[in-house]
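# dropping the sequence and predicted coords here.
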Amino acid sequence: MTEVVDRSASGTKPAGSEAAGTPAVDVAVLGDLLLGRWADVRRAARELAGRPEVHKFEGLTHTEHRKRVFAQLGYLVENNAVHRAFPTRLGGSDDHGGNIAGFEELVTADPSLQIKAGVQWGLFGSAVLHLGTAEHHDKWLPGIMSLEIPGCFAMTETGHGSDVASIATTATYDEAAQEFVIHTPFRAAWKDYIGNAANDGLAAVVFAQLVTRNVNHGVHAFYVPLRDPQSKEFLPGIGGEDDGVKGGLNGIDNGRLHFSNVRIPRTNLLNRYGSVSPEGAYSSPISSPGRRFFTMLGTLVQGRVSLDGAAVAASKVALKTAIQYASERRQFNSSSPVEEEVLLDYQRHQRRLFTRLATTYAAGFAHEQLLVKFEDVFSGKQDTDADRQDLETLAAALKPLSTWHALDTLQECREACGGAGFLIENRFASLRADLDVYATFEGDNTVLLQLVAKRLLADYAKEFRSVDFGVLARFVVSQAADVALHRTGLRQVAQFVADSGSVQKAALALRDEEGQRTLLTDRVQSMVAEVGSALKGANKLPQHQAAALFNQHQDDLIDAARAHAELLQWEAFTEALASVKDPGTLQVLTWLRDLFGLSLIETHLSWYLMNGRLSMQRGRTVGAYINRLLVKIRPHALDLVDAFGYGPEHLRAAIASGAEQQRQDEARDYFQAQRASGSGPLEEKNLPALKG
């Protein structure tokens, strides 16, 4: 009889046993689903990322690493890997979504290469593209695309990071000379942590306060040459420092820049959203200074979108390595006197890895939706103000969750692989160091979630604009009392009103799709409503009182935003299930989605209990049902990570190479032969008691 490998444990199972009722994952079908709309771009990008020419060499000094990564940028240019988002007439393909999809795959080669490429083409080049006009495109984009002009994106200052509106660098217009004067008035105004600033940058897009006719028109972007192309020395009036060795990403030459009355032509203002005439008159197609500012920053949202995807990719690589190793590594004779247990058969090990696997799938499906939204906006298909605001909010919600999740996953996978996981050759420690900064650049995660919270509050305020405080208060109270019974879907979870007393029915309500949706959605709505009620009328208070009131509820706001982002991921996972036609794959993915949803409910169980959404009896069933899901998912764990599509050239981890399986097989064969021959020593515990 033909046999196939049973990946749930050592040994085999008869081929065709899936027909007897055990679902099977179609890895190829699932892999195509995970590749998403830009499957061909991702495949091409992964092929490139798998080449040794772009891989990170561990152990290099930061100086050596920088030189290697800069040379790799040229390799990317030679292989047409970085120009997809640029105009077709200049050699690009106007493919904004595909550009991000390909770019984020570089994280598997070397995160330093991914981020340095992102600085050059995703920030510096994109700023010229999206904030400039055709004249600027023709003048500078060819050199930026070819790497003839390595550049910087000089927004962050030592004194202001997330608060871009308050940066202190100025660009003051001199009417007589028809020039802008770029100036950093004090040390805190130096541009800081700027990629390409320490060594390679020949020019920069500098963000500064535009002042003309003694009026400050807010932050605008200016193209500023930095260094002489031949000598690589700073031009007059420009200075800088090297940020030196960092906690990770040491292939990037981050540095500081400062400007002492540096003059640039008037036409170096990237003036898509704001222009200054030769005579000094300011004009803009957007009359509101606030909306103009957010529109300019919104054009650069792709950095957050790409980090979201790169973090998901890094999580996939970590989980593939850790689960592969755990399926081979054996420790302790738990269930057999002669055979040690595979790590992945231990419940705790499954908890550590499968819950993070489920979250990674959810984050991946949510990222695909974000990427589609990004493409729709930047291609012009759906590019209204509302669409751009939705894109900004979605990116601000998902990027924090995926980057925090990547750091958590890399750490947990490292620990799950024991001492072997700590070796640099297995990449967990290196990847975690490189991804650490993902949580704070392109928008600090906590600040981004606060932006999401403000959007949620604004939407809530619109819904209840004409409602008085008494009605709002009653709304919140009714939420806390479980609004309940009359709301669709809540009958299943409002069991504290009329609990059946049946644990079986309690578990069914939790594992039901609508039951999970109701619990997750109701938490978001309740949290936003409660804070909205507390802040009602704050806009009528004096500024200091309003700020104090907001600060009293800031933590609650950010928690609500995170709950909203978690709901977005759960919904994305659920929507992805609708496109799965293969029954076995659908069943396993549904279990994985349920694991994600129930893990969220377990994480926030105290909230559900304190707010009366779950009874103590039903709350106790959450963990038990999660454990049952782990058992169901266990036989499919390797298929689920194989579907990520990353090969040995992407993992580059010795413990995922099959070497552990060879060692285990060798050890098993040795002891089997020893037992068969009877030549092995006797165990003391099996001898008659020693007599004194």
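Perfect, thanks for sending it.
# what about residue 536, how many residues close to it?
17 (other Cβ atoms under 10 Å). Glycine gets a C-beta too; all of them are placed from N, C-alpha and C.
# swap in residue 195?
Neighbours around residue 195, by other Cβ under 10 Å: 27.
# following the helix or strand containing residue 650, which helix or strand comes up?
Residue 650 belongs to helix 648-651 when assigned by DSSP states H and E. Using DSSP H and E, the helix or strand that follows helix 648-651 in sequence is helix 659-677.
# may I see the buried residues of that next one?
When burial is assessed from 16 or more other Cβ atoms under 10 Å, helix 659-677 yields the following buried residues: 660, 661, 664.
# which one of those is nearest to residue 588?
Nearest to residue 588, judged by Cβ to Cβ, of the buried residues of helix 659-677 is residue 661 at 23.4 Å.
# and the nearest residue to the closest one once chain neighbours are set aside, what does it touch?
Distances taken as Cβ to Cβ, 6 or more residues apart in numbering put residue 328 closest to residue 661, at 4.2 Å, once the chain neighbours are dropped. Contact analysis of residue 328 by Cβ atoms under 8 Å, 6 or more residues apart in numbering lists 342, 658, 660, 661, 664.
# doesn't residue 328 belong to a helix?
No: assessed with DSSP: H, G, I helix; E, B strand; the rest coil, residue 328 is coil; it does not lie in a helix.
# ranges for the helices of the stretch 301-450 of the chain?
All helices of the stretch 301-450 of the chain, identified by DSSP state H, counting those that start in this stretch, fall at 302-326, 347-379, 385-416, 418-422, 428-435, 445-463.
# contacting residues for the residue nearest to residue 581 when sequence neighbours are not counted?
Closest residue in space to residue 581, ignoring its immediate chain neighbours: residue 29 at 7.8 Å, by Cβ to Cβ, 6+ apart. The contact partners of residue 29, by Cβ under 8 Å, 6+ apart, come to 580, 581, 582, 585.
# residue 434 now?
111, 112, 248, 249.
# so how far is residue 412 from the residue nearest to residue 424 when sequence neighbours are not counted?
Leaving out its chain neighbours, the residue that sits closest to residue 424 by Cβ to Cβ, 6+ apart is residue 58, at 5.0 Å. Distance, residue 58 to residue 412, using Cβ to Cβ, to the nearest Å: 22 Å.
# higher neighbour count, those two?
residue 412 (19 against 12).
# do I have it right that that one meets residue 352?
Yes: between residue 412 and residue 352 there is a contact at 5.5 Å, judged by Cβ atoms under 8 Å.
# pLDDT at the residue nearest to residue 424, what is it?
pLDDT, residue 58: 94.
# ok, now residue 295?
For residue 295, the predicted pLDDT is 87.
# quick one: what helix or strand has it in it?
Residue 295 is located in helix 289-298, with elements delineated by DSSP H and E.
# residues in contact with that helix?
131, 164-165, 217-221, 273-274, 284, 286, 388, 391-392.
# repeat the analysis, applying 10 Å as the threshold.
Residues outside helix 289-298 that contact it (Cβ atoms under 10 Å, 6 or more residues apart in numbering): 127, 130-131, 155, 164-165, 207, 216-221, 270, 272-274, 284-286, 288, 377, 385, 388-389, 391-392, 395, 443.
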